[in-house]
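1. Fold the following, please.
(2 chains)
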Amino acid sequence: MIELENVAYNYGGGELLSEISLKLQPGSFHFLTGPSGAGKTTLLKLCYGALLPTSGQVRLFTSDVRDMERDDIALARRRIGVVHQDCQFLDHLNVSDNIALPLMVAGRDLLAEGANLKELTSWVGLTARAGALPPELSGGERQRAALARAVIMSPDVVLADEPTGNIDWDMSQRLLRLLIELNRMGKTIMVATHDLALIRAAKTHVQARVLRISNRRLQLAGADL
Amino acid sequence: MRAWLNRVAEFLIGDTQADRVVPPTGYTATLTLFSAAAMAFLAVFALALSLATGRLADQWGAELARSSTIRISAPDGQLAAQTEAALKVLETTKGVDTARALSSEEQQALLEPWFGPDLPVDTLPIPQLIEVIETEEGYDAEGLRLRLAAEAPGAVLDDHTRWRRPLVRAASRLRMLGWASILLIGAATAAMITLAANAALAANAQVISVLRLVGARDSYIAQAFERRFTLRALTGAGIGMLLGMVAIALLPSAQPEGGFLTGLGFQGWHWLWPLIIPVLAGLVAFGATRAAARKTLRDMP
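-> Numbering: from 1, shown residues only, chains lettered A, B, ... in the order given. The predicted structure follows:
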């Protein structure tokens, strides 16, 4: 699916990530943890082609990201759902349209996808808020809408960057349950978070691999938890 | 051709879903609409200038090239005889289609703008004028001058070359100036639309970033902007063109006394020419926005 081989990434003259090797197998669940500024977001961005590695190889669905045209990367992103910490919505579109955005850009007929869209909106518990504009949503509602948008194209992989960063514990649990449910449907999940309690809670429900970025390198951190 | 027309129609009809993803931008929309209208208005005048000077150049070129004048200055007793002799020479000159001596009324009419209607032509020593119309092939001016010098010593041939050439050259230059103005107007329109498109793209950097995140291709994003700016330029230029045509139509109609200035306008099917302005404005806007959008998108992850 997504494979990083001996990847390094330099930022601002210094090396932010070094000797990163990672393979996201189909149906796997990964947590990515580490202190703020360790490079979690950068690593996720490398995983969906938003950044190119300084050295090493990043392969998206077997293609080296350096050899991919911009259109190929766009097509690969339709197979990778991304949930950002700040959600990144189009504020002039309502929740329903924001969730349907990947369908729109893929040229899919929204009328034909109507039932799917309704079902997904209901799955994340936003049916009553479908007509609201993003600035009118609470933090938890925004995260759930972002998750719905990330999965509407039925992607193979879901990458979530601090999805519970701005929401309370109950809402974090609710979001986690949705991610676990997606994983049970066969989706590959990787969640970047510094919330160790969330990781511990998840591990009681799903077999997750916990990776930590420490001193620019990626380590298996399961034993700490 | 049909496939191309279909593509143009699809582009103009657009994709309502794609149109919604880029938020409406108030000031760039107004700016584009206004600048396209203003430029189209100016372009109509530049076009009218080009066509009018073109007509003038053709007219001067064609009419003056085929006519010349012989002026006979002689003492009273010899004027009629020399006129007769000159006409005989002209009758036998190859390349002369017709030649006739102007009547005293015609000569008076020619002098009337300068001396008034009461000029006693008969009492003044005014030279006799002969109007010569050439055939397509024309005559040998030097040969005719030599023959006239022998048969009618008071006859001077004026084949209009001396003042016709600078006039035709001036009209041609003016026509070129009109076309250059149209090109400059087109370039200025492209520059303004590029600036407006760049402003819109910069203002929508976050939108573009989200669209890229969810898998939008560059062509999809670019098209949303291209279509918007093309339609704005098309609409603005359409309005400007109509206003320009109304203004041209309201100009005073052509009068012989007014000369060139009152002849500025369109004649006959030339009224269709301005219709091309909105189409060109649309094409310019499309090209300018496409170039701006592609450049901006290339710099984005």
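2. Enumerate the residues of chain A near chain B.
-> Counting by CB under 8 Å from any CB of the partner chain, chain A comes close to chain B at A:45, A:49-51, A:70-71, A:74-75, A:77-78, A:82, A:84, A:88-93, A:97, A:101-102, A:104-107, A:110, A:149, A:153. No exception for glycine: its C-beta is placed from N, CA and C like everyone else's.
3. List the ones among those residues that fall in helices.
-> Those of those mapping onto helices are A:45, A:70-71, A:74-75, A:77, A:97, A:101-102, A:104-105, A:149, per DSSP state H.
4. The residues you listed, buried ones only, as a PyMOL selection?
-> PyMOL command restricting these to the buried ones, with burial defined by 16 or more other CB atoms under 10 Å in any protein chain shown:
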select buried, chain A and resi 45+70+74+75+77+97+101+102+104+105+149
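5. Adding distance to B:Met1, write the ones in helices among the residues of chain A next to chain B out as a markdown table.
-> Below are these laid out as a markdown table (distance: CB to CB, whole Å):
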| residue | distance to B:Met1 |
| --- | --- |
| A:Lys45 | 46 |
| A:Arg70 | 31 |
| A:Asp71 | 28 |
| A:Ala74 | 31 |
| A:Leu75 | 32 |
| A:Arg77 | 37 |
| A:Asp97 | 37 |
| A:Leu101 | 36 |
| A:Pro102 | 36 |
| A:Met104 | 31 |
| A:Val105 | 31 |
| A:Arg149 | 42 |
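6. Mind putting the ones in helices among the residues of chain A next to chain B into CSV with pLDDT and distance to B:Lys88?
-> What follows is these, written out as CSV (pLDDT from 0 to 100; distance: CB to CB, whole Å):
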residue, pLDDT, distance to B:Lys88
A:Lys45, 93, 100
A:Arg70, 90, 86
A:Asp71, 91, 86
A:Ala74, 92, 89
A:Leu75, 93, 91
A:Arg77, 92, 95
A:Asp97, 93, 94
A:Leu101, 93, 94
A:Pro102, 93, 95
A:Met104, 91, 90
A:Val105, 90, 89
A:Arg149, 92, 99
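7. Look at B:Thr161 and report its pLDDT.
-> Turning to B:Thr161, the model gives it a pLDDT of 69.
8. Tell me how far the most centrally placed residue in chain A lies from A:Ile2.
-> Residue closest to the average C-alpha location in chain A (CA atoms, centre = their mean): A:Leu159, at 1.9 Å. In this view, A:Leu159 and A:Ile2 are 9 Å apart by CB to CB, to the nearest Å.
9. Where does pLDDT dip in the stretch 151-300 of chain B?
-> B:161-162, B:253-263 (pLDDT under 70).
10. near chain A, which residues of it?
-> Proximity of the stretch 151-300 of chain B to chain A, by CB under 8 Å from any CB, involves residues B:206-207, B:209-220, B:297-298.
11. From these, keep the buried residues only.
-> Buried among those (16+ other CB under 10 Å): B:207, B:210-220, B:297.
12. Show only the entries of the residues you listed found in helices.
-> Under the assignment DSSP H, these contribute B:207, B:210-213, B:218-220, B:297 to helices.
13. Can I get those residues in CSV including distance to B:Gln108?
-> Listed next are those as CSV, based on distance: CB to CB, whole Å:
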residue, distance to B:Gln108
B:Val207, 79
B:Val210, 84
B:Leu211, 81
B:Arg212, 83
B:Leu213, 87
B:Asp218, 77
B:Ser219, 75
B:Tyr220, 77
B:Leu297, 76
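14. looking at it, A:Gln219 is touching A:Val210, isn't it?
-> No: look at A:Gln219 against A:Val210 with CB atoms under 8 Å: they stay out of range, at 9.6 Å.
15. Comparing these two, which shows the higher neighbour count?
-> Neighbour count, other CB atoms under 10 Å in any protein chain shown: between A:Gln219 and A:Val210, A:Val210 has more, with 23 against 14.
16. And the residue positioned nearest the centre of chain B, how close does it get to B:Asp19?
-> Nearest residue to the geometric centre of chain B (CA atoms, centre = their mean): B:Ser50, 1.3 Å. Going from B:Ser50 to B:Asp19 by CB to CB gives 37 Å.
17. I'd assumed the residue nearest to the centre of chain A was in a helix, is it?
-> No: using DSSP: H, G, I helix; E, B strand; the rest coil, the assignment for A:Leu159 is strand, not a helix.
18. Tell me who's in contact with it.
-> Taking CB atoms under 8 Å, 6 or more residues apart in numbering or on different chains as the criterion, A:Leu159 is in contact with A:44, A:47-48, A:80-83, A:190, A:192.
19. Correct me if wrong: A:Arg174 contacts A:Glu141.
-> No: the pair A:Arg174 and A:Glu141 fails to qualify as a contact (CB under 8 Å) at a distance of 10.8 Å.
20. Those two: which is more packed in?
-> Using other CB under 10 Å, the more surrounded residue of A:Arg174 and A:Glu141 is A:Glu141, with 21 against 17.
21. give the contact list for that one.
-> Each residue near A:Glu141 by CB under 8 Å, 6+ apart is listed here: A:95, A:126, A:129.
22. rerun that using 6 Å as the cut-off
-> The contact partners of A:Glu141, by CB atoms under 6 Å, 6 or more residues apart in numbering or on different chains, come to A:Arg129.
23. Does it belong to a helix, a strand or coil?
-> Look at A:Glu141: counting by three-state DSSP, its state is helix.
24. For the chain, which segments are assigned as helices?
-> All of this is about chain A. So, for chain A - with DSSP H - the helices run A:40-47, A:70-77, A:95-105, A:114-123, A:139-151, A:169-184, A:196-203.
25. was after chain B, sorry
-> Using DSSP H, the helices of chain B run over B:2-13, B:16-21, B:26-65, B:76-91, B:104-115, B:141-151, B:161-203, B:205-213, B:218-249, B:276-298.
26. Select, out of those, the one closest to A:Gly39.
-> helix B:205-213 (19.3 Å; CB to CB).
27. and the angle from that closest one to helix B:276-298?
-> Helix B:205-213 runs at 70 degrees relative to helix B:276-298, counting by axes from the mean of the first three to the mean of the last three CA atoms, to 10 degrees.
28. who touches helix B:205-213?
-> So helix B:205-213 is contacted by A:82, A:88, A:90, B:221 (CB under 6 Å, 6+ apart).
29. Kindly reformat these as CSV containing distance to A:Ala145.
-> As requested, the contacts of helix B:205-213 are arranged in CSV below (distance: CB to CB, whole Å):
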residue, distance to A:Ala145
A:Val82, 13
A:Gln88, 11
A:Leu90, 11
B:Ile221, 22
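30. Correct me if wrong: B:Ala281 contacts B:Ala36.
-> Yes: counting by CB atoms under 6 Å, B:Ala36 is a contact partner of B:Ala281 at 5.4 Å.
31. which neighbours do those two share?
-> B:233, B:237.
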